[in-house]
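Asks: what's the 3D shape of this:
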Amino acid sequence: MSNKDLFDLSGKVALITGASRGIGESIARTLANYGAHVIVSSRKLDGCEAVASSIREAGGSAEAFACHIGEMDQIDAVWAHIEATHGKLDILVNNAATNPHFGPIETTDVGAFQKTVDVNIRGYFFMCSKGAQLMKKGGGGAIVNVASVNGVAPGHFQGIYSITKAAVISMTKAFAKELGQQNIRVNALLPGLTDTKFASALTTNDSIKKQALTHIPMHRMADPDEMAGTVLYLVSGASSYTTGTCINVDGGYLTV
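Replies: Numbering: from 1, shown residues only. All right, here's what the predicted structure looks like:
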């Protein structure tokens, strides 16, 4: 493979969850720009279709498929669709996540706890396992789990979310260790503070935002597009000997 072809994804089929907006949308657009056929997935079909249609209008290849990864029957449905329609999957980006409780950790109720675990741990686990089964049939693939810097340094008032993201980091390493011989690479992206609707509890509160920026050497939030390049690297031939790694894209937050 020549250097200029390292990032070429032509002929690849990619599934991105949580892709109707924010980081997931940026990832979907970037992978499509480099030649992949992207399956834009999230809970609501209309948001997915809006992204997929705009990718197609720009000359890319995309389709929409609704899937709530907190629901096991919907996880089964998306994999049945992909196998029936494409017969393979080359790239899986687990980006969909939830964080219903923003407040003191000891006030987390069982409903918020269970929802966060069901999506961020159980959902990621079975997306990885079912994705790996399909990838094995096709001779390999690449999985990227979107974790968080909170999985390393728990975020204030983000207790259960941080705990689940730490689990995603461990999960990434466990899958990488077992799937390496199957030519399936599994890595994680750890975003820092990013300007998305998902992070609005942090980004729209001036006092919280100001305090957060003091801990970031680059002293600014990330744009969602700044996450996509790392994912492109991790799913392309450029990272063919990279598995089990977790890459911080955080403006230097974890160095402080």
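Asks: which ones are touching the residue most central in space within the chain?
Replies: Nearest to the mean C-alpha position of the chain, by Cα atoms, centre = their mean, lies residue 95 at 2.4 Å. For residue 95, the contacting residues are 16, 17, 18, 19, 23, 24, 27, 146, by Cβ atoms under 8 Å, 6 or more residues apart in numbering. Heads up, the C-betas are built off the backbone N, CA and C, glycines and all.
Asks: Tell me which stretches of the stretch 51-200 of the chain form helices.
Replies: 72-85, 110-117, 124-138, 159-179, 200-203 (DSSP state H, counting those that start in this stretch).
Asks: Next, residue 248: phi, psi?
Replies: phi -80, psi 130 (degrees, to the nearest 10).
Asks: List the residues that contact the closest residue to it other than its chain neighbours.
Replies: Counting by Cβ to Cβ, 6 or more residues apart in numbering, residue 190 is the residue found nearest to residue 248 once chain neighbours are left out, at 4.7 Å. Residues in contact with residue 190 (Cβ under 8 Å, 6+ apart) are 147, 148, 149, 151, 152, 169, 246, 247, 248, 249, 250, 254.
Asks: Scan those and report the most crowded one.
Replies: In terms of neighbour count, residue 148 stands highest of those at 30 neighbours, by other Cβ atoms under 10 Å.
Asks: mean pLDDT for the helices of the stretch 51-200 of the chain: which is lowest?
Replies: Of all those, helix 200-203 carries the lowest average pLDDT, namely a mean of 64.
Asks: OK, contacts around residue 118?
Replies: Counting by Cβ under 8 Å, 6+ apart, residue 118 makes contact with residue 70.
Asks: That one and residue 64, how far apart?
Replies: Distance, residue 118 to residue 64, by Cβ to Cβ, to the nearest Å: 23 Å.
Asks: for the chain, what helix or strand is lowest in average pLDDT?
Replies: Here the helix or strand of the chain ranked lowest by mean pLDDT, DSSP states H and E is helix 200-203, holding a mean of 64.
Asks: C-terminal to that helix, what's the next element?
Replies: Going down the chain from helix 200-203, the next helix or strand is helix 206-213, by DSSP states H and E.
Asks: Now do that following helix: distance to the chain's middle.
Replies: Once both centres are worked out by Cα atoms, centre = their mean, to the nearest Å, helix 206-213 turns out to sit 25 Å from its chain's centre.
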